[in-house]
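[1] sequence and predicted structure, then a few things I'm wondering about:
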Amino acid sequence: MKILALILGLAVAALWGCGPGSDPESAADDEFTLPAGSGLADKSAAPASRSIRGVLSFDDIEGGCAFVQTADATKYEVIYPDGWVLDRGAGTLRGPAGELVEAGGELTIRGRVAPGRSSTCQVGPIFEATAVEMSAG
């Protein structure tokens with residue numbers, strides 16, 4: 001019986017020594033890296049640049065919100081490049097070279113979706129624009 005208790009005690013001691021945190025130098029062993037191509041390995045990677053085309057729209061939520069609504073009914077709140085100014089009261093977007101887009105006008109906007117951002121409007125995804133083009137018509 002004493003031999004069985006001794007063997008059991010040694011086994012527990014051996015397992016105890018293999019547990020996490022038993023060796024400060026092996027603490028990094030608890031960290032791991034997700035495999036490349038898993039889609040989860042680098043959450044800090046910037047979303048790809050893309051274009052959206054839609055209609056400039058305004059509503060009266062939270063004091064007035066502006067958005068671009070695409071053909072599939074997605075509403076994007078746009079952060080426009082320097083020089084572009086939204087006038088919610090007048091329902092217009094004015095460009096640095098005097099371009100003017102009124103509510104209901106079509107735009108093509110290049111940039112990227114900004115998944116980590118939020119706003120008081122919360123009408124849809126936030127889109128950080130790098131270029132704005134008015135549609136002919």
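    Right, received. Where do you want to start? Numbering: from 1, shown residues only.
[2] just name the shakiest helix or strand of the protein by mean pLDDT.
    Ranked by mean pLDDT, DSSP states H and E, the weakest helix or strand in the chain is helix 2-17, scoring a mean of 56.
[3] touching stretch 130-137 from outside, list them.
    49, 53, 80-81, 84, 93, 95, 99, 101, 105-112 (Cβ atoms under 8 Å, 6 or more residues apart in numbering). Bear in mind the C-beta positions are built from the backbone N, C-alpha and C, glycine included.
[4] what do you get if the cut-off is 10 Å, keeping everything else the same?
    49, 51, 53-56, 68, 78, 80-81, 83-84, 93, 95-96, 99-101, 105-112 (Cβ atoms under 10 Å, 6 or more residues apart in numbering).
[5] before we move on, back to that, show me what whichever helix or strand comes after the least confident helix or strand of the chain packs onto, helices and strands only.
    Using DSSP states H and E, the helix or strand that follows helix 2-17 towards the C-terminus is strand 50-59. Judged by 3 or more Cβ pairs under 10 Å, 6 or more residues apart in numbering; DSSP states H and E, the packing partners of strand 50-59 are strand 65-70, strand 75-79, strand 85-87, strand 92-94, strand 100-102, strand 106-113, strand 126-134.
[6] could you dump those to CSV with mean neighbour count?
    Formatted as CSV, these follow (neighbours: other Cβ atoms under 10 Å):
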stretch, mean neighbour count
strand 65-70, 20
strand 75-79, 19
strand 85-87, 14
strand 92-94, 19
strand 100-102, 15
strand 106-113, 17
strand 126-134, 17
